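Chemist: sequence-free structure coming up:
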């Protein structure tokens with residue numbers, strides 16, 4: 001993965017981490033909104049740093065059109081699976097568990113991104129995020145905390161952790177040669 005890719009990955013993961021912390025605020029316990037808001041703010045800072053560092057990178061080689069086409073197919077399948085599962089859960093009267101389903105789908109979607117972006121770390125992210133969906137399901141089913149809160153905190157934390165990891169990896173990737 002190039003420096004540009006690492007920075008932009010941090011930006012995207014930070015953005016979606018903030019989104020998950022936002023979803024966690026749908027029905028949070030009374031003590032949680034301030035903490036969840038602060039977590040969202042941190043995610044936005046990480047996303048902004050990743051975007052700036054990624055765009056400032058001199059590694060500007062564009063990806064091939066076929067790469068973006070494959071990426072689009074993966075994201076299309078992800079959205080279709082998330083939507084179909086959400087519709088089914090709503091029809092079954094289990095709409096509260098939609099965030100858990102979406103988290104599992106998002107986790108799995110990272111597996112086909114490994115060969116597209118050539119980054120094996122997405123395998124780990126897929127495993128951790130999918131396991132996080134299972135943990136969220138268990139916690140939500142056995143406590144009075146809303147599934148959206150549990151899943152939002154789990155997914156947000158996992159994605160934030162990987163976004164920060166991407167930022168840290170920028171220091172490990174060889175600098176681009178001066179132009």
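Modeler: Happy to help now that I have it. What you see is a predicted model, and the numbers here were worked out from it, not measured in a lab.
Chemist: what's around residue 18, how many residues?
Modeler: 23 (other CB atoms under 10 Å). Where C-beta positions appear, they are placed from N, C-alpha and C, glycine not excepted.
Chemist: correction: residue 81
Modeler: 17.
Chemist: Skipping adjacent residues, who's closest to it in space?
Modeler: Once flanking residues are discounted, residue 81 sits nearest to residue 105: 5.0 Å by CB to CB, 6 or more residues apart in numbering.
Chemist: For that neighbour, list the residues it contacts.
Modeler: 78, 81-82, 85 (CB atoms under 8 Å, 6 or more residues apart in numbering).
Chemist: How about residue 6?
Modeler: Neighbours of residue 6 in contact, by CB under 8 Å, 6+ apart: 50, 54, 166-167, 169-170, 173.
Chemist: any idea how far the host helix or strand of residue 99 is from the chain center?
Modeler: In this assignment (DSSP states H and E), residue 99 forms part of helix 98-109. Mean-position distance between helix 98-109 and its chain equals 10 Å (CA atoms, centre = their mean, to the nearest Å).
Chemist: can you give me the helices for the protein?
Modeler: 3-23, 33-56, 65-91, 98-109, 113-117, 121-142, 147-169 (DSSP state H).
Chemist: okay, those in a markdown table with mean pLDDT next?
Modeler: Shown next, in a markdown table, are the helices of the chain (pLDDT from 0 to 100):
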| stretch | mean pLDDT |
| --- | --- |
| helix 3-23 | 94 |
| helix 33-56 | 95 |
| helix 65-91 | 95 |
| helix 98-109 | 98 |
| helix 113-117 | 92 |
| helix 121-142 | 95 |
| helix 147-169 | 95 |
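Chemist: Kindly indicate which of the contacts of residue 6 lies nearest residue 110.
Modeler: residue 166 (13.1 Å; CB to CB).
Chemist: Please report the distance of that closest one from residue 126.
Modeler: 15 Å (CB to CB, to the nearest Å).
Chemist: ok, the two, which is more surrounded?
Modeler: residue 166 (27 against 19).
Chemist: Skipping adjacent residues, who's closest to that one in space?
Modeler: Nearest-residue entry for residue 166: residue 10, 3.7 Å, with adjacent residues in sequence omitted and distances by CB to CB, 6+ apart.
Chemist: now do residue 5
Modeler: Residue 5's closest residue in space is residue 117 (CB to CB, 6+ apart), at 6.6 Å.
Chemist: pretty sure that neighbour is touching residue 1, no?
Modeler: Yes - the criterion here is CB atoms under 8 Å, and residue 117 meets it with residue 1 at 6.8 Å.
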